[in-house]
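Student: I need the structure of the sequence given here:
(3 chains)
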Amino acid sequence: MGETLDTRWFDPNRLNMLVGLLLFITFLAINIWRARRSPDGLYIRPIAGLKALDEAIGRATEMGRPVLFIPGIGDMSEVGTLAAITISSKVARRVAELGCDLRIPCYDPVVTALIDGTTREAYREANRADAFRPGCVYYVSATQFAYVASVTGTMMRDRPATNIYMGAFYAESLFLAETGNLTGAIQIAGCDQVTQLPFFVCSCDYTLLGEELYAASAYLGREPIQLATIAAQDWAKALAAGMIVLAIILSALGHPWLGRLLKTS
Amino acid sequence: MAAEPNGFWRRVLAIDRRWIFVLIGVGTALPLLFPVNLPVTPSPRVQAAYNAIEAVPEGSLVLMSLDYEPDIMAELQPMSIAVLRHCFRRHLKPIILTLYPAGPRLVEMALAIASEAEGKRNYDDYVFLGYKSGNQAVVLGLGENIKGLFPRDFYGAATDTISLMKRANSFADFPLLINLSGSTIADYYIRIGASRYHRPMILGATAVMATDYYPYLSSGQILGLIGGMKGAAEYERLMGIVGDGRRGMDAQSLVHLIVVILVLLGNAALFATGGLKRRVGGGA
Amino acid sequence: MRFGPLVVTFLTGTTLIAIFFIPHHAAQETQSVILEWADVVYTFALILGSIALWMSHQKKVFQRAEGWFYSAVTLVALTGVTALGVVQGVSGTTLVGQIYDSVNAPLASTMFSLLAFFIASAAFRAFRARNVEATLLLVTAIVMMIGRVSIGEFVWSGFPPLTEWLLDVPNLAAKRAVAIGVGLGAVSTALKIILGIDRSYLGRA
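Tutor: The predicted structure follows:
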């Protein structure tokens, strides 16, 4: 047998993380309460890439060319993919309203099924269920560069006017964005992989950096409760920054206990 | 007809990107055809990875997860061969697996080269368990029951009949974990193998992804980090061998130089054509 | 109202969060089982995806749509390699192994190698000293490009330590800052889904 079986019901090394989680949930509850009490009271700063979405979809409509939405190559365990699904439904709704063509090539079969469902629903919500074209959301391949070959081929052949990259991207980011740049499409990207951000910044017109991707659904939906989650996130970030600064000062003064307390296992 | 002012620089700015592609193609091919063997100095991160293997007692088992497919083999395959050869030289016994469906053939290729070079044999000196789907679930399972996860090795032999596997039950039986990965699988090994089961671990990653793992190095969760082809070349230098890593560094050097020259040319052209002044003045 | 999926999401999410704090072997085994279920679901989805892929390309072939020949190649490759793999296995000595060595490996490597060409053209276009920040980026990029390859230390021995400093200090600081933001954003998104605040994945905004 391997190690002796663990029979503890709580890992004391993770107490700090549990406290952090409970604090976050508290922040969330307070902000939801604030949002319900005063729906217009929460402010979210403008995100240029999301403001440009409407314009980009409008341009595709005017040019009579498709909008290409690429949801990354992450699976459902990646938060970036969840954000991509949410954004895809907002994009699909706008596309349906304006009546242009939408294509969503997918890497993961589970993501394909989900986006297909949300896109149909978005068309229905826009009262354009008849305009939904079965097959506009399609599975390509779960092999990274086979996927790249197919999507870049679509870009070169069909010349979409707008390329939207949202989700988890890895080495394929520059292939896709550079090919899109070559075709002259308006390109909007959002990615939570820090190492891939520079590639998108180089080749796209607008790039959502890191957590802006997660804020996108709240921004696009403008629902007070969704905005409350962004406010809670900001509170948590302010607390984290404060704790880090305090821990550094205390450590410099010879009291490293706060730094140790924040250390995760 | 008078020549257009700054005609050359304007042409530089508007250069067809296919000329850049040609330059990069030639810059890659020439050093591979005519190698000059530029010097390679090991970085502290690669040295630390090397030292971690040096510190493992002879005859110990090491768990190697080689998680990549052919697309990034140029970066990770030379690393796998060098690390395997190091393990074999130190008379360590690697138990190898992959979490990528297209990974087994690459592992077989790396094992063929490394075992032939160091005179080692399957089952006596190493075991290749093959591919298992499930990423995080597999890494969790490795902490509990390896033979349950892999009842047979890649070649079909029952793992409980392989003598090396008799002492390989879970992470606890490995004084070192080695993960060479081009994806987030490395995160699972760090979170589960290194952090939850407290196993010493070294990591190899592509050059782009390597910087993602610097925080784990400074926090001590991984002992060493081999990044990209350069990391592989440094490891080969430490091993005193010349493999694809060192051979590739000449090409990589020349290509980097070409890109730097192109960037400088682009800036000179922007300056000469007044683009810089206009942009700055225009509040770009 | 899609009550069922919301309940499943809530229960699975809260269970997995709880298991994170419970080291008891029973909890850890439960986590493994849940992850195995996810793997099983994925496998079925892969079958579904393959069927969808087949249907879409089959339609193109029957309709003689533009590029139908490539669709035919896809169909032949899909069925041929699958059948060979099932019959012969996938080790190096089999036909699938040989197809892998002589087709899949070179094609995938070639695709990845194209990255060098794209990086060069993107760098040429993007690295322009248009203002102070862009100039800083340009200088850093040049130091990194020279310092990270063998020719760097050949030119000046100070390049490698300078690149190490750039990676260890400014790069790491920025990465950690973004990572903290991404981490909190991920927690927030996960909670939104677990608590049913964000239901867009169910097809409802």
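Student: what is the least confident helix or strand in chain A by mean pLDDT packed up against?
Tutor: When the helices and strands of chain A are compared on mean pLDDT, DSSP states H and E, helix A:212-221 comes out lowest with a mean of 81. Counting by 3 or more CB pairs under 8 Å, 6 or more residues apart in numbering or on different chains; DSSP states H and E, the packing neighbours recorded for helix A:212-221 are helix A:48-63, helix A:79-98, strand A:162-168, strand A:186-191, helix A:224-252, helix C:172-194. Any C-beta I mention is one placed from the backbone N, CA and C, and that applies to glycine too.
Student: show me what the shortest one pairs with in its sheet, parallel or antiparallel.
Tutor: If I follow you right, that is strand A:186-191. strand A:162-168 (parallel), strand A:206-209 (parallel) (DSSP bridges).
Student: could you tell me the least trusted of those strands?
Tutor: In terms of mean pLDDT, the lowest-scoring of these is strand A:206-209 (a mean of 92).
Student: list of residues touching that one?
Tutor: Residues outside strand A:206-209 that contact it (CB atoms under 8 Å, 6 or more residues apart in numbering or on different chains): A:47-50, A:52, A:166, A:187-191, A:197, A:200-201, A:216, C:178.
Student: okay, among those residues, which ones form the most distant pair?
Tutor: By the measure CB to CB, A:A52 and C:V178 form the most distant pair in the contacts of strand A:206-209, at 21.8 Å.
Student: quick check: phi and psi on C:R128?
Tutor: Backbone torsions of C:R128, given as degrees, to the nearest 10, read phi -120, psi 130.
Student: surely it touches B:A268?
Tutor: No - with contact defined as CB atoms under 8 Å, C:R128 does not count as touching B:A268 (10.7 Å).
Student: in stretch B:195-213, which residues are buried?
Tutor: The neighbour-count check on stretch B:195-213 (16 or more other CB atoms under 10 Å in any protein chain shown) flags B:195-197, B:199-213 as buried.
Student: kindly export it (C-alpha atoms) in PDB.
Tutor: Output in PDB follows, covering the C-alpha atoms of stretch B:195-213 (Å, rounded to 0.1, in the frame of the first residue of the first chain):
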ATOM      1  CA  SER B 195       2.200  20.300  -2.800                       C
ATOM      2  CA  ARG B 196      -0.300  17.700  -1.500                       C
ATOM      3  CA  TYR B 197       2.100  14.700  -1.400                       C
ATOM      4  CA  HIS B 198       5.200  16.800  -0.700                       C
ATOM      5  CA  ARG B 199       7.300  15.100  -3.400                       C
ATOM      6  CA  PRO B 200      10.400  16.900  -4.700                       C
ATOM      7  CA  MET B 201       9.700  17.800  -8.300                       C
ATOM      8  CA  ILE B 202      11.500  19.200 -11.400                       C
ATOM      9  CA  LEU B 203       9.600  20.600 -14.400                       C
ATOM     10  CA  GLY B 204      10.300  21.100 -18.100                       C
ATOM     11  CA  ALA B 205       8.100  23.400 -20.100                       C
ATOM     12  CA  THR B 206       8.100  25.200 -23.500                       C
ATOM     13  CA  ALA B 207       9.900  28.500 -23.600                       C
ATOM     14  CA  VAL B 208       6.700  30.500 -23.700                       C
ATOM     15  CA  MET B 209       5.200  28.600 -20.700                       C
ATOM     16  CA  ALA B 210       8.300  28.400 -18.600                       C
ATOM     17  CA  THR B 211       7.900  31.900 -17.200                       C
ATOM     18  CA  ASP B 212       4.500  30.900 -15.800                       C
ATOM     19  CA  TYR B 213       6.300  28.600 -13.400                       C
END
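Student: how far off centre is that stretch?
Tutor: Relative to its parent chain, stretch B:195-213 has a centroid offset of 11 Å by CA atoms, centre = their mean, to the nearest Å.
Student: is any part of it close to chain C?
Tutor: Yes - between stretch B:195-213 and chain C, judged by CB under 8 Å from any CB of the partner chain, the touching residues are B:T211, B:D212.
Student: ok so, going back, chain center to the least confident helix or strand of chain A, what's the gap?
Tutor: Relative to its parent chain, helix A:212-221 has a centroid offset of 8 Å by CA atoms, centre = their mean.
Student: which one of C:R128 and B:A268 is surrounded by more residues?
Tutor: A direct count of neighbours by other CB atoms under 10 Å in any protein chain shown for C:R128 and B:A268 places C:R128 higher, at 22 against 14.
Student: which residue sits closest to the spatially most central residue of chain B in space, ignoring its chain neighbours?
Tutor: Nearest to the geometric centre of chain B sits B:L76, at 3.4 Å (CA atoms, centre = their mean). Closest residue to B:L76 apart from its sequence neighbours, by CB to CB, 6 or more residues apart in numbering or on different chains: B:Y68 at 4.7 Å.
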